[in-house]
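K.L.:
Need a 3D model of the following:
(one chain, ligands or ions: 2)
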Amino acid sequence: MRLSFCCTDTTPEPWLQGLRAALPDATLELWQPGAAVADYAVVWAPPQQFLDEQTGLKALFNIGAGVDALLRLRLPPQTRVVRLDDAGMSVQMAEYVCHAVIRHFREFDGYQADVALGKWSYRKPRRRQDFPVGVMGLGVLGQRVSRALAQFDFPVTGWSRSAKSIAGVQCFSGNASSNGFNGFNDFLAATRILVCLLPLTPDTENIMRRDTLARLQPGGYVINVARGSHLVDEDLISLLDSGQLAGATLDVFRTEPLPAAHPFWLHPKITVTPHTSARTLRDESIAQIAGKIKALENGAPIASLAGVVDPKKGY
Ligand code: NAP
Ligand code: GLV
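P.N.:
Ligands and ions are numbered 1, 2, ... in the order given. Have a look, this model is predicted:
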């Protein structure tokens, strides 16, 4: 069995070593133009040439959860895409989002500013029930995040395409498309802190824009940990500047790295992090991918694997 590795922005050697150890019988190669056709590939942001040449792939393993960039390329017909299914990401995402929610709710930025002035001053405790959190996307990451928030006794609501039942979380469902909202407005109206954990698809692109964000409860707060194109940047800035929204924590951007001149960097109500909320963990990812390749080689149908992307849904 031949396995090809083609991951841009990734140091290949440790991955190749790990994959060789996990799959000693495989012929593993770092992809070069003109390489032999492989049975499986491990990819991140591969060039179109790779996909054009690799016409025999039974499965394409993406070393991230989001497949939006990969699905914009022309894939070999019949090739199934398998994304990372958690692989250590959901706990990181829960840490990041809980940290952002609690930092805002407990006004830790304000305390930090006071420290800089040598000022010892208490703020009046705020009521948790006044800070309902709405999590858009209740998949692998969104479910873990919403459970973690519920553990801190925040009122938590969630939005997903298909109906869900999660302890401590009020779940709404429907296709949040740009055109028809099917109850999405009720979800927004019940939300003060909005967390985006949707995949980026034609339905969800620009989902956080003036008219949707304006439906959040007064003092709304935005946490975007999914993709930059879910958010219309200018609309966020204008709603922050008018005082309608209280702030935002943003981990993902339309252009990454975030350009030096982008107004998000210095905006006093925005916290920026460099797409780091849930990183790909190499060992966990290798173990997951190798396990799936072994299962396929032993005759398991691909549909039985977790994380197989539905090209019609786009995630
Ligand atoms: P997932 O398991 O595929 O979950 C996606 C969720 O979104 C599902 O609940 C799905 O509903 C829902 N959804 C999709 N389209 C929808 C629509 N139009 N209307 C309503 N709900 C919709 O994905 P995941 O593993 O949780 O990851 C989510 C995203 O996080 C990824 O796609 C990626 O962009 C982002 N991410 C970011 C980082 C980072 O470091 N910032 C790291 C990893 C992932 P159903 O359950 O009904 O299908
Ligand atoms: C990171 O953003 C991922 O999709 O895994």
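K.L.:
centroid residue for this protein?
P.N.:
A226 (3.5 Å; C-alpha atoms, centre = their mean).
K.L.:
Please parse the protein into its domains.
P.N.:
What automatic domain parsing lists as the domains of the chain is 2-87+280-304, 89-272.
K.L.:
could these be laid out in a markdown table, adding distance to K313 and mean pLDDT?
P.N.:
All C-beta spots, glycine's among them, are computed from the backbone N, C-alpha and C. Shown next, in a markdown table, are those (distance: least, C-beta to C-beta, whole Å; pLDDT from 0 to 100):
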| stretch | distance to K313 | mean pLDDT |
| --- | --- | --- |
| domain 2-87+280-304 | 10 | 97 |
| domain 89-272 | 7 | 96 |
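K.L.:
can I get those domains in TSV with distance to ligand 1?
P.N.:
Shown next, in TSV, are these (distance: least, C-beta to the nearest ligand atom, whole Å):
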stretch	distance to ligand 1
domain 2-87+280-304	3
domain 89-272	2
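K.L.:
The ones you listed into TSV, with extra columns for distance to K312?
P.N.:
Below are the domains of the chain laid out as TSV (distance: least, C-beta to C-beta, whole Å):
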stretch	distance to K312
domain 2-87+280-304	11
domain 89-272	10
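K.L.:
Please verify my assumption that L240 contacts P263.
P.N.:
No. With contact defined as C-beta atoms under 8 Å, L240 does not count as touching P263 (10.1 Å).
K.L.:
ok, these two, which is more surrounded?
P.N.:
Of the pair L240 and P263, L240 is the one with more neighbours under other C-beta atoms under 10 Å, namely 21 against 12.
K.L.:
which stretches of the protein form helices?
P.N.:
12-22, 48-53, 68-71, 89-105, 108-116, 140-151, 184-189, 210-213, 233-241, 282-297 (DSSP state H).
K.L.:
Tell me which of those is the most buried.
P.N.:
helix 140-151 (a mean of 23; mean count of other C-beta atoms under 10 Å).
K.L.:
just checking, what packs against that one?
P.N.:
Packing contacts for helix 140-151, counted by 3 or more C-beta pairs under 8 Å, 6 or more residues apart in numbering; DSSP states H and E, involve helix 89-105, strand 133-136, strand 156-160, strand 169-173.
K.L.:
quick one: it near ligand 2?
P.N.:
No. Against ligand 2, helix 140-151 shows no contacts by C-beta under 6 Å from any ligand atom, the least distance being 9.1 Å.
K.L.:
So what touches that helix?
P.N.:
For helix 140-151, the surrounding residues in contact (C-beta atoms under 8 Å, 6 or more residues apart in numbering) are 65, 85-86, 89-91, 93-94, 97-98, 101, 133, 135-136, 138, 156, 158, 160, 164, 166-169, 195, 197, 225, 278.
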